[in-house]
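J.: Provided below for reference: sequence and predicted model.
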Amino acid sequence: MTIAVTSASGKLGSSIIKKLHTQIGADHIIGLARTPEKAKHLGVEIRKGDYNKPQDLEASLKGIDVVMLLSGMDEPQKRIQQHRNVIEAAKANGVKKIVYTSIIGDEEHNAFSPIVQSNRQTELDVRNSGLEWVIGRNGIYIEPDLEYIDTYVKDGEIRNCAGNGKCTYTSRDELATAYAHMLLEDKHNGQTYNLVGDAITQSQLATYMNAVYNTNLVYHSVSVDAYLEERKNELGDFLGTVIAGIYEGIRNGANDVRSDFEKATGRPHQSTLEIIKAFQ
């Protein structure tokens with residue numbers, strides 16, 4: 001079996017490749033990257049993989065049995081066609097199976113919903129491809145919060161609009177474990193899994209970070225409108241709106257979903273506290 005992993009130079013793509021490397025060896029893994037030079041350090045063959053260039057994708061997926069399709073980072077409507085380019089190139093090359101990284105979230109009621117909608121469309125495209133498929137709906141990565149620890153400490157607080165809503169955090173390493181199983185084991189074919197951990201509030205997150213980092217953070221909840229304005233001022237309209245939409249979804253319960261992680265991997269998801277301790 002030869003597996004192609006798209007977006008190989010990204011953090012999740014490289015994590016999946018590293019996980020596969022320990023299980024099936026480098027000779028059975030192909031990485032696809034828009035800029036191949038950025039993924040050379042992964043120790044596997046790297047081919048061109050720009051989602052906007054169907055001709056490159058078709059050439060790069062020759063001899064591939066399974067494609068790991070990671071969601072693109074472009075705006076929603078562009079991503080739908082970009083993902084279709086990968087699906088069509090896979091079909092043209094006789095690929096047997098696609099595994100797709102989707103996301104949990106509300107499809108209608110917040111500023112993050114257009115991204116969720118675009119992922120749902122790709123889920124439908126994957127299911128209708130005629131190939132074997134597995135879909136993972138990723139939870140929110142915990143790593144950005146942990147990488148932001150210095151700013152939290154400077155501010156003395158975690159500040160967003162999530163309120164008392166619960167978030168089922170995950171990590172890229174946990175996701176890579178799940179996707180390796182989904183790529184290699186046919187028993188997952190035809191399944192859609194919520195790849196998430198335990199549901200916690202932002203106040204619980206602050207408590208866990210205090211315990212691990214010996215900090216004194218508190219959680220400060222603000223209104224959706226106030227947080228949207230803050231994020232747009234700091235990150236720009238597009239990214240600021242997306243980030244605010246994620247926390248609005250948490251506030252409204254869109255991220256408090258059941259976990260299928262154990263079905264995908266055969267073991268429970270690590271707790272949020274365990275992940276924070278391992279990240280330190």
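T.: That came through, no problem.
J.: tell me what Glu132 is bridged to.
T.: Bridge pairing for Glu132 (DSSP bridges) gives the partners Lys97.
J.: again, but for Ser102
T.: Going by DSSP bridges, Ser102 forms beta bridges with Arg137.
J.: surely it and Ser118 touch.
T.: No - with contact defined as CB atoms under 8 Å, Ser102 does not reach Ser118; the gap is 9.7 Å. Every residue, glycine included, has its C-beta placed from N, CA and C.
J.: can you pull out the strands in the stretch 101-250 of the chain?
T.: 132-138, 157-160, 167-168, 192-195, 199-200, 218-221 (DSSP state E, counting those that start in this stretch).
J.: same list (those strands) but as CSV, adding mean pLDDT, distance to Asn85 and mean neighbour count.
T.: Shown next, in CSV, are the strands of the stretch 101-250 of the chain (pLDDT from 0 to 100; distance: least, CB to CB, whole Å; neighbours: other CB atoms under 10 Å):
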stretch, mean pLDDT, distance to Asn85, mean neighbour count
strand 132-138, 98, 17, 23
strand 157-160, 97, 35, 19
strand 167-168, 97, 31, 26
strand 192-195, 98, 22, 22
strand 199-200, 98, 36, 20
strand 218-221, 98, 41, 16
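J.: out of those strands, flag the one nearest Glu45.
T.: Closest to Glu45 of the strands of the stretch 101-250 of the chain, according to CB to CB: strand 132-138, at 23.3 Å.
J.: and that closest one, what does it pack against?
T.: If contacts are counted by 3 or more CB pairs under 8 Å, 6 or more residues apart in numbering; DSSP states H and E, strand 132-138 sits against strand 97-103, helix 113-127, helix 172-184, strand 192-195.
J.: partner strands of the last one, with direction?
T.: Strands adjacent to strand 192-195 in the sheet, as given by DSSP bridges, are strand 132-138 (parallel).
J.: mind listing what the residue positioned nearest the centre of the chain touches?
T.: Centroid-nearest residue in the chain: Asn138, 5.0 Å away (criterion: CA atoms, centre = their mean). By CB atoms under 8 Å, 6 or more residues apart in numbering, Asn138 lies in contact with Thr101, Ser102, Ile103, Ile104, Thr170, Leu175, Leu195, Val196.
J.: contacting residues for the fifth one?
T.: Going back to what we said before, that points to Thr170. Asn138, Gly139, Ile140, Tyr141, Ile142, Leu195, Val196, Gly197, Phe261, His269.
J.: for it, give its distance to Arg231.
T.: With distances taken as CB to CB, to the nearest Å, Thr170 is found 22 Å from Arg231.
J.: cool, and Leu183?
T.: Distance, Leu183 to Arg231, by CB to CB: 35 Å.
J.: repeat that for Ile30.
T.: From Ile30 to Arg231 the distance is 37 Å (CB to CB).
J.: about what we covered before: nearest to Gly245, of the strands of the stretch 101-250 of the chain?
T.: Closest approach to Gly245 among those is made by strand 157-160 (11.4 Å; CB to CB).
J.: before we move on, back to that, reformat the strands of the stretch 101-250 of the chain as CSV; add distance to Gly236.
T.: Below are those laid out as CSV (distance: least, CB to CB, whole Å):
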stretch, distance to Gly236
strand 132-138, 23
strand 157-160, 17
strand 167-168, 24
strand 192-195, 29
strand 199-200, 29
strand 218-221, 23
